[in-house]
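> Quick one, structure for this:
(2 chains)
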Amino acid sequence: MSEIKWLSDGQEAFEKMLLAVPESMRQSVKPQLLAMLAQRAGSEPVGRDVIFAFVTQDLPEPQRTVLSAALGIKASSAEEAPTLMAKVEWKVSGEVRKPADLEPLKKRGLALLVPDSVRVTVGGATCGLAAGSASVLEALKKELARASIKADVVFVGSNGMSYAEPIVDVICPGKPRVTYGNVTAARVRDIAQAVAEGTVVADLVLGARRSEDLQGMSTPLQYATSEATGDFARCPSTCDLPFFKNQLRLLTRNAGTISPERIEEYIAVGGYSVIAKALTSMKPSEVMSQVKDSMLRGRGGAGFWAGTKWQACADAAGDKKYVVCNGSEGDPEIGMHKSFFESDPHAVIEGMMLAGYAIGADEGYLYLSDRYLLAIERAEAAVRQACELGLLGDKIFGTGFSFRITIKRGGGAYVCGEETALLSSLEGMFGEPRLRPPLPVEKGLYGKPTIVNNLETLANIPLIVQKGGRWFAEIGTKTSKGTKIVALVGNVAKPCWVEVPLGTKVRDIVEGFGGGTDTGRPIKAFQTGGPSGGLLPASLLDIAFDYDALAEQGSLLGSGGLLVMDEKIDLFDMARFFGDFFLDESCGKCTVCSNGMPQLHKIVLQFADGRGTDAHIAQVERLGEAMADCCFCALGKSGAATMLSLVRHFPEEVEKRKLHTLN
Amino acid sequence: MITFSMDNRSIAVEKGTTVLKAAQANGIEIPTLCASDALTPYGACRLCVVEVEKAGKRSIQASCSLAVEEGMIVRTQSARVIERRQLVLELLLARCPEVKVIQDLAREYNVADKAPQWTRQNETCILCGLCVRACAEVVGANAIQFAGSGASRVVASAFDKKADDCVACGSCVFVCPTGHVKKIDLKKPRVTSHEDAPIDGPVREIINWKVSQPLKLCKKCKNPFAPANQLEKIQKQFYMMPQVVDLCPTCRTYPQVDKEKCLGCGSCMESCPVGAIELDDRGGYDKNAQIYKQNCMACHTCEYMCPVLAIGS
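The predicted structure follows:
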């Protein structure tokens, strides 16, 4: 056997590939892989391309799928590789071959979620990590070991209370699940002591709950059956906290409860049972009709009916179709989709599979912004675990349905959230919107019929299919159905992300969950829908948070951000900030956007300096109208929204910034 | 055929035709800066906008990329359309105040003196993308691309270095509506040549892409006539008589049709790589092939294809 000549990128790819092998088998598998690789490479130097070819051509299923997913390459088709590799010892379990195979996994997951020993979870989404939960996790492990308590200490996602991170949940057998907020590494010893003594750290506790409702996706998790006693009885009930009581946690039912990196825990809370049910007892058209009945609208910004889009794609001619999940959330400072995905990635994967089944696609792309490192890491782990169990790949649940998911990292441009720009970016081209028609549902990715759905839209699908489209259509308003995840940021006392039915009053969200402004000053304005939405005055706080009410006032629901500004915020400063943002993020394709944005920005700067004139306002209105009419894509069409909303809703602010000459 | 109404006229065109093409075919003028018959629509300049009424809803659409639909009502001269075109022209004029084609259009739309209210730049490129598309779709060289985003977008060669894939054919110069892309043919390379290795003899420089390519000399008259790389590329792509790559257009011998022998079968027309042959139809079976000299590049493919030897030099 000849020595392998490594190129640096080849070695890197090999290491990455090796990480996909379960840790216990890694050492034994490594020499085998190396031997096979040497056989393939001969005396040639081994680069990235050789590794890719090796994985896609030489490996048998299902190792091929798993390792391809780890390397982020497209797995080749299903035929058995003519391989010398069959004798590799590491076998992907592929243990799920029929729906009943989920049961043992479910048991295993439940034993983790409601264990016989102590389970301690730490909020490990980006908001938690930013607040220092990594050091809290380490400290917890150390302190619990010192107190010789055998405990399972894991990261979970975020339960929405970003303001109270790091959040630690303690589950002792037979006791209610206690939630602690604002835990620091210094206070960890107290928690460990409380666990040992069977008590509660009273000043850190947010609440305790005896069971976890899973919205009918599975039986509720029962932590404690009897009435709480002692310290536990004095804790407020978590479910009755206004933060949880006023929410309708459908999508976020698992967030903060299950570990996003353990597929068993997702299966334990009813995960993958919907796709199993759909594959074995429903026709694609039945799944489709449930989605249509639900009147679900896209959660990415445009608010297009998901059922209509799916039907058009299912009807389009072509044997190859794609499902693309849009996880390119580009709004500055807003990250509810990121937080959600970091908390429950498998829900999105299951939604993609259901979408694939309904429209007849066998391949999905998960497009995530490159800035979301943690989300990408969790997506990779989730896809890998699903592949290993046989939940992704060929003949899922023993049916004829095959589905593969490839994770793609986008550059993070704002315009790549637009579906045709996203497809260009996926194909490796310049991320700029394409001409439509043809619509992506007719000719999308690589010219094949494609649906592009936001990840929140897709996460709704398992719920809809499980509980019925009609049930879903009862939630929300007449034209906006279901719930929406809202990220509350800006001048609020408690920044958080919550899930509320569409049509909830903005005031209820801002004051109920956010606790008013952090400074105590009154609210001056709020913005929905990110930079493409307008600024609305405090007098409109009673507006319903849904697609149509907001559009009527010149703003939009968008992806669900809610930015609150208090009295002291200079609105023209905000306009300048969003103008800067658009100058960078416009792709520059069409004249009106690429030339209009800088002109608009110049005018904003004039106002910010107090040198605005009436002529400027006329120019803004004219330019805004033209941009809404003539621009190529939705980014340009809404490019002037901030300035137009200032003119419309804040006339006295605008007046103050005019140049007043002596006359 | 699809029938629709444009400017109160009923117009019938083939399915899949764009509104712009339908208008041009029917003598309705729509201004445009980024559309070309040879290239796929791109929809960048937004000057060709028209007002479209479908199912009672009026919207503004770019006609270059809008396929006609049965029963749609198109207005190319409504007040809203004119206003939008005026604004587009104002923005373009503020960007490129010195470009003649924009000055002319601005005068036509009465906005020539309105531009001062917008901040002026002194650009010459309007980012229509014609050069990029011509290089990719017609030449197949892909030597240039858009770079940067938003307000800092430009057309450039890769990394703004000498464009290695450029064959200096000059298609980009030909399609550029504003004269932003410039080429120059020189008798000998300038001292400040972009090329690393000095070239002897005549060269063509495409200034924007930092390219200078040697020009080939005609074997007969010794005059330079085309970049050597371009001829090489053409020869690789098509079968060509040597005279096409060796001789300048003046010195080539062109094929001619003997009208007595010609049957009008059309073999030559089908085989012509540049579409320079048409059948001149005089009714019935009495047809003759006709070669249009301005398009012919003297490859003599037709001569070989003629079954009755009616084409000779």
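> got the residues of chain B near chain A?
Proximity of chain B to chain A (CB under 8 Å from any CB of the partner chain) is limited to residues B:41-47, B:49, B:59-60, B:62, B:65, B:67, B:80, B:83-84, B:87-88, B:91-92, B:94-95, B:117-119, B:126-127, B:129, B:145-146, B:148-153. (Glycine included, C-beta is placed from N, CA and C.)
> Now the buried members of those residues.
Neighbour counting over the residues of chain B next to chain A (16 or more other CB atoms under 10 Å in any protein chain shown) leaves B:41-47, B:49, B:60, B:62, B:65, B:67, B:80, B:83-84, B:87-88, B:91-92, B:94-95, B:118, B:126-127, B:129, B:145-146, B:149-151, B:153 as the buried ones.
> closest point of chain B to chain A, which residue?
Evaluated by CB to the nearest CB, chain B has B:R153 as its residue closest to chain A, separated by 3.2 Å.
> what are the phi and psi angles of the residue lying closest to that residue once chain neighbours are set aside?
Spatial nearest neighbour of B:R153, chain neighbours left out: A:G588 (3.2 Å); criterion: CB to CB, 6 or more residues apart in numbering or on different chains. Dihedral pair for A:G588: phi 90, psi 10, per degrees, to the nearest 10.
> doesn't B:G129 make contact with A:G588?
No. Using CB atoms under 8 Å, A:G588 is not in contact with B:G129, being 10.5 Å away.
> what is in contact with those two at once?
By CB atoms under 8 Å, 6 or more residues apart in numbering or on different chains, A:G588 and B:G129 have these common neighbours: B:F146.
> in chain B, which ranges drop under the pLDDT threshold?
Residues of chain B meeting the criterion pLDDT under 70: B:114-116, B:191-199, B:239, B:282-285.
> Which parts of it belong to which domain?
Domain ranges of chain B: B:2-117, B:130-217, B:256-312, per automatic domain parsing.
> Just give me how far the second one sits from the chain centre.
Put plainly, it is domain B:130-217. Its chain's C-alpha centre and that of domain B:130-217 lie 16 Å apart, by CA atoms, centre = their mean, to the nearest Å.
> Which single residue in the stretch 251-400 of chain A comes nearest to chain B?
Ranked by CB to the nearest CB, the top residue of the stretch 251-400 of chain A for proximity to chain B is A:G330, at 12.7 Å.
> got a list of what A:I475 touches?
Contact analysis of A:I475 by CB under 8 Å, 6+ apart lists A:248, A:250, A:481-483, A:501-502.
> next one: B:I11
B:3-5, B:22, B:26.
> what about it, helix or strand, and which?
strand B:9-13 (DSSP states H and E).
> Shouldn't A:V486 be within a strand?
Yes. The assignment for A:V486 (DSSP: H, G, I helix; E, B strand; the rest coil) places it in a strand.
> So in terms of bridging, what pairs with it?
Taking DSSP bridges as the rule, A:V486 bridges to A:V498.
> quick one: it and A:F545 touch, right?
Yes. Look at A:V486 against A:F545 with CB under 8 Å: they come within range, at 7.1 Å.
> neighbour-wise, which of those two wins?
Neighbour comparison, A:V486 and A:F545: the larger count goes to A:V486, with 29 against 24 (by other CB atoms under 10 Å in any protein chain shown).
> Tell me what A:I171 is bridged to.
Under DSSP bridges, the residues paired with A:I171 across the bridge are A:R119.
> For it, grab the count of nearby residues.
24.
> quick one: contacts for it?
Residues counted as contacts of A:I171 (CB under 8 Å, 6+ apart) are A:114-115, A:118-121, A:177-178, A:223.
> Chain B versus that one, what's the distance?
Using CB to the nearest CB, to the nearest Å, A:I171 is found at 49 Å from chain B.
> And A:L422, by the same measure?
Note on A:L422: its distance to chain B, by CB to the nearest CB, is 15 Å.
> Now do the contacts for that residue.
A:L422 neighbours (CB under 8 Å, 6+ apart): A:324, A:326, A:328, A:367, A:410, A:416, A:431, A:452.
> what helices or strands is the helix or strand containing the first one leaning on?
Applying DSSP H and E as the criterion places A:V324 in strand A:322-327. When contacts are defined as 3 or more CB pairs under 8 Å, 6 or more residues apart in numbering or on different chains; DSSP states H and E, strand A:322-327 packs onto helix A:345-359, strand A:363-369, helix A:419-426, strand A:450-454, helix A:455-467.
> Poorly predicted segments of chain A, please.
In chain A, residues with pLDDT under 70: A:1-2, A:74-94, A:661-663.
> Residue numbers of it in contact with chain B?
A:413, A:430, A:432, A:435, A:437, A:582-592, A:594-599, A:602, A:615, A:619, A:622-623, A:626, A:629-632.
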